[in-house]
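Undergrad: When you get a sec, could you give me coordinates for this:
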Amino acid sequence: MSIESREEGELIKEQDRLLPIANVGRIMKQILPQNAKISKEAKETMQECVSEFIAFVTGEASEKCRKEKRKTVNGDDVCWAMGNLGFDDYAELLKRYLHRYRELEGQKLANQNKGDQR
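TA: Coordinates of the predicted model:
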């Protein structure tokens, strides 16, 4: 078991820092032809990259929350961080996705409440 980094006085195991490799492989397979194969090295490389990217973006969002004396990072904070870090195209797509997600969640909640009132 290797120790990767030190964060806020706490040791973080490498396996806790990285996304699960099975999930990374599953996502990679979705875009490839059905008969394509992905090497273990390719999955591990992608696992490192996406984990680092997520840490980079969430670190920026977390810093914003810290400055605003908030403890919870939300979707809007992540969208802001993406734009602030220069990923404007992705930030816009993420904002649209987040808006649609919230709409659907609101509809589900409204439907549940209607069902509870019957």
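
Undergrad: Now for residue 24, how many residues are close by?
TA: Residues contacting residue 24 under the criterion other C-beta atoms under 10 Å number 22. In short, each C-beta sits where N, CA and C put it, glycine included.

Undergrad: Setting aside sequence neighbours, what's the nearest residue to it?
TA: What sits nearest to residue 24 in space, not counting adjacent residues and going by C-beta to C-beta, 6 or more residues apart in numbering, is residue 47, at 4.7 Å.

Undergrad: That neighbour contacts residue 21, correct?
TA: Yes: when contacts are counted by C-beta atoms under 8 Å, residue 47 is listed as touching residue 21 (5.2 Å).

Undergrad: more neighbours, the two?
TA: Set side by side, residue 47 and residue 21 show more neighbours around residue 47, with 19 against 14, by other C-beta under 10 Å.

Undergrad: tell me the contacts of that one?
TA: If you count contacts by C-beta atoms under 8 Å, 6 or more residues apart in numbering, residue 47 has them with 18, 19, 21, 24.

Undergrad: need the strands for the protein, in chain order.
TA: In order along the chain, the chain carries the following strands (DSSP state E): 3-7, 10-13.

Undergrad: If you average the pLDDT over the top helix by length along the chain, what comes out?
TA: Longest helix in the chain by number of residues (criterion: DSSP state H): helix 88-117. Mean per-residue pLDDT for helix 88-117: 89.

Undergrad: Look up how far residue 96 lies from residue 110.
TA: Summarising the geometry, the distance separating residue 110 from residue 96, computed by C-beta to C-beta, to the nearest Å, is 21 Å.
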